[in-house]
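> structure, please.
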Amino acid sequence: MPFFGNFGSKKKSKSSLTLTDGGSDPGWGGGHSGGGFNTFQNSSSAGENQDKRMITKLERINNDLEDKNEQLEEENNMLKLKVEILLDMLAQKTAESSLQDTEIDRLQTAVQMMAPDSLTLI
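Model prediction:
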């Protein structure tokens, strides 16, 4: 469902309908000279209030989404930092392992070069 799907479609209020059908509604102000204008103002005011409520609701939703977006960006930055730290740790352990492998190879070569009689003393 689109986010702004219903935003542009306004339902006609009863007061705005009475203005188009010639004021046949008895609650429209009858034969009083100033009653119709007041009812028109009230319906216009009610429509504006409804628009203001809709705008306020959309602003609140927008603010909530902006807050959630900021929170997710912070979480994303934290996760990137954690990945970077883990990659550094992996590189360090890989280097240590490589040094240990080199040391093992060197010691094995040293042991192989020793005379077999000197090994009996160990």
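> what's the helix or strand for Glu74?
If you go by DSSP states H and E, Glu74 is part of helix 35-113.
> name the helices or strands packed onto that helix?
Using 3 or more CB pairs under 8 Å, 6 or more residues apart in numbering; DSSP states H and E, the elements in contact with helix 35-113 are helix 14-20. All C-beta atoms are positioned from the backbone trio N, CA, C, and that covers glycine.
> pLDDT weak spots in the protein?
Residues of the chain meeting the criterion pLDDT under 70: 1-43, 115-122.
> cutoff 90 now
1-49, 108-122 (pLDDT under 90).
> buried set for stretch 71-83?
Of all the residues in stretch 71-83, not one is buried under the rule 16 or more other CB atoms under 10 Å.
> heads up, I number from 31, so please use that
All right, first residue 31 from here; so that's stretch 101-113.
> export that stretch as PDB, just CAs?
Taking Å, rounded to 0.1, in the frame of the first residue of the first chain, the C-alpha atoms of stretch 101-113 are listed here in PDB:
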ATOM      1  CA  GLN A 101      19.500   4.600  14.900                       C
ATOM      2  CA  LEU A 102      20.100   2.100  12.100                       C
ATOM      3  CA  GLU A 103      22.900   4.200  10.700                       C
ATOM      4  CA  GLU A 104      24.600   4.200  14.200                       C
ATOM      5  CA  GLU A 105      24.100   0.500  14.400                       C
ATOM      6  CA  ASN A 106      25.500   0.000  10.900                       C
ATOM      7  CA  ASN A 107      28.600   2.100  11.800                       C
ATOM      8  CA  MET A 108      29.100   0.000  15.000                       C
ATOM      9  CA  LEU A 109      28.900  -3.200  13.000                       C
ATOM     10  CA  LYS A 110      31.400  -1.900  10.500                       C
ATOM     11  CA  LEU A 111      33.800  -1.000  13.300                       C
ATOM     12  CA  LYS A 112      33.300  -4.600  14.800                       C
ATOM     13  CA  VAL A 113      34.100  -6.100  11.400                       C
END
